[in-house]
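**Student:** one predicted model, sequence on top.
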Amino acid sequence: MSNENDEKLKVGKRPHGLGRGLSALLGDVAREEPVAPTTLSASTKAIQSIEVALIQPHPEQPRRHFDEGALAELADSIGKRGVIQPIIVRPHGGGFQIVAGERRWRAAQRAQLHRIPAIVRDFDEAETLEIALVENIQREDLNPIEEAEAYRKLIADFNHSQEALGRLVGKSRSHIANLIRLLDLPAAVQQQVVEQKLSMGHARALIGAPDCEALARTVEAKGLSVRDTEDLVRRTKKGDAAQPRARNVAASSGKDADIEALEQHLADILGLKVDIVHGEGAGGTLSLRYSTLDQLDMLCQRLSGERI
């Protein structure tokens, strides 16, 4: 798993790992300069060293769940090498409020650091929330439910269309629409997704199902695949409680059901259209379809191992 503390800030240029959408919101970052506490300026873009105790998280931070193991790993890395990528804060109530980088701030506290590098920007409340949402989405730090809630808030509070959101975060419109639909699930089923007891594919199959919570418990208990979950929901709607049918070739497309399930799983992860053609032998082709240059840019970053 990539460690966000191992990134090197490319000063004087667009932070390459942030994606065009977030970079456009943040602007370019100036070179690192040591700044005394008495000379902190809300308008400067220079990297400053700020006391950890003066920084507070934003109450509307879209990320609610922090993986304890990953946080401990990051804290260990920060304890050895320091915080390499600065967080972004804004002046707030005599101190500072986090705009982006709460995970690094939390890890720095665990590593018992007294100061942390930060970029101070004079963002208003709307800008702060929009950047926090986009940053978390592009870094893939959110679980599917948190990501869906972030999309819904961006649409409701900032009047973004799904298509405009897709361009901003490098995802397809259908990916965003499918995620938002997860919020139609009962709260108990959403929690199963948050706790990774159900995948996004399982959750999508359960949308609109009768007695959804009971079906979700069955899927979790039996360890059903996404395809078996879809069959279970289909039979439940018809009043048939039989066991999942044997997975064979999907009549609608002629593809093996497992291949179709894999296509959907990859599409959910990447936010792109995925097509798999498996030959009679051991080989085949995997095609990824993008609709904008931003999606291509993000895909190239993922394939090359760069952080987004």
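**Tutor:** Received, thanks. A quick note: this is a predicted structure, and the numbers were derived from the prediction, not measured. Residues are numbered from 1 along each chain as shown.
**Student:** and the helices in the stretch 151-300 of the chain?
**Tutor:** Taking DSSP state H, counting those that start in this stretch to define them, one finds helices in the stretch 151-300 of the chain at 162-169, 173-181, 187-194, 200-206, 212-222, 226-238, 257-270, 293-303.
**Student:** most tightly packed of the ones you listed?
**Tutor:** helix 200-206 (a mean of 24; mean count of other C-beta atoms under 10 Å). In this view, the C-beta of every residue, glycine as well, is placed from N, C-alpha and C.
**Student:** ok, residues contacting that helix?
**Tutor:** Contact with helix 200-206 is made by 144, 178-179, 181-182, 185, 189-190, 192-193, 198, 212, 215-216, 219, 224, 226, 229-230, 233, 261, 264-265, 268, as judged by C-beta atoms under 8 Å, 6 or more residues apart in numbering.
**Student:** 6 Å - rerun?
**Tutor:** By C-beta atoms under 6 Å, 6 or more residues apart in numbering, the residues outside helix 200-206 that reach it are 144, 182, 193, 212, 215-216, 219, 226, 229-230, 233, 264-265, 268.
**Student:** may I have the phi/psi pair for V83?
**Tutor:** Dihedral pair for V83: phi -90, psi 110, per degrees, to the nearest 10.
**Student:** neighbours around it, how many?
**Tutor:** 23 (other C-beta atoms under 10 Å).
**Student:** tell me which element the closest residue to E60 other than its chain neighbours falls in.
**Tutor:** What sits nearest to E60 in space, not counting adjacent residues and going by C-beta to C-beta, 6 or more residues apart in numbering, is L129, at 5.5 Å. Assigned by DSSP states H and E, L129 belongs to helix 125-138.
**Student:** rewinding a little: could you dump the contacts of helix 200-206 into CSV with distance to L288 and pLDDT added?
**Tutor:** Formatted as CSV, those follow (distance: C-beta to C-beta, whole Å; pLDDT from 0 to 100):
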residue, distance to L288, pLDDT
P144, 20, 89
L182, 23, 93
V193, 24, 93
C212, 32, 93
L215, 32, 94
A216, 30, 94
V219, 28, 94
V226, 20, 88
T229, 25, 92
E230, 23, 89
V233, 28, 91
Q264, 14, 75
H265, 13, 71
D268, 13, 69
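**Student:** tell me which two in these are the farthest apart.
**Tutor:** The span of these, defined through C-beta to C-beta, is set by C212 and H265 at 20.7 Å.
**Student:** the closest residue to Q56 other than its chain neighbours in helix, strand or coil?
**Tutor:** Spatial nearest neighbour of Q56, chain neighbours left out: Q97 (5.5 Å); criterion: C-beta to C-beta, 6+ apart. Recorded secondary structure, Q97: strand (DSSP: H, G, I helix; E, B strand; the rest coil).
**Student:** partners of Q97 in the sheet?
**Tutor:** Beta-bridge pairing for Q97 (DSSP bridges): Q56, R90.
**Student:** gap between it and L74?
**Tutor:** For Q97, the distance to L74 equals 21 Å [C-beta to C-beta, to the nearest Å].
**Student:** which of these two has more residues huddled nearby?
**Tutor:** Remark: of Q97 and L74, L74 carries more neighbours, 24 against 17, as counted by other C-beta under 10 Å.
**Student:** nearest residue to that one in space, please, no chain neighbours.
**Tutor:** Leaving aside its sequence neighbours, L74 sits nearest to A107 (C-beta to C-beta, 6+ apart; 4.1 Å).
**Student:** mind putting the helices of the stretch 151-300 of the chain into TSV with distance to K80?
**Tutor:** Formatted as TSV, these follow (distance: least, C-beta to C-beta, whole Å):
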stretch	distance to K80
helix 162-169	32
helix 173-181	36
helix 187-194	31
helix 200-206	35
helix 212-222	39
helix 226-238	41
helix 257-270	31
helix 293-303	26
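**Student:** nearest to V89, out of those helices?
**Tutor:** Shortest distance between V89 and the helices of the stretch 151-300 of the chain, using C-beta to C-beta, is found for helix 162-169: 22.2 Å.
**Student:** centre of the chain to that closest one, how far?
**Tutor:** Centroid separation between helix 162-169 and its chain, computed with C-alpha atoms, centre = their mean, to the nearest Å, is 14 Å.
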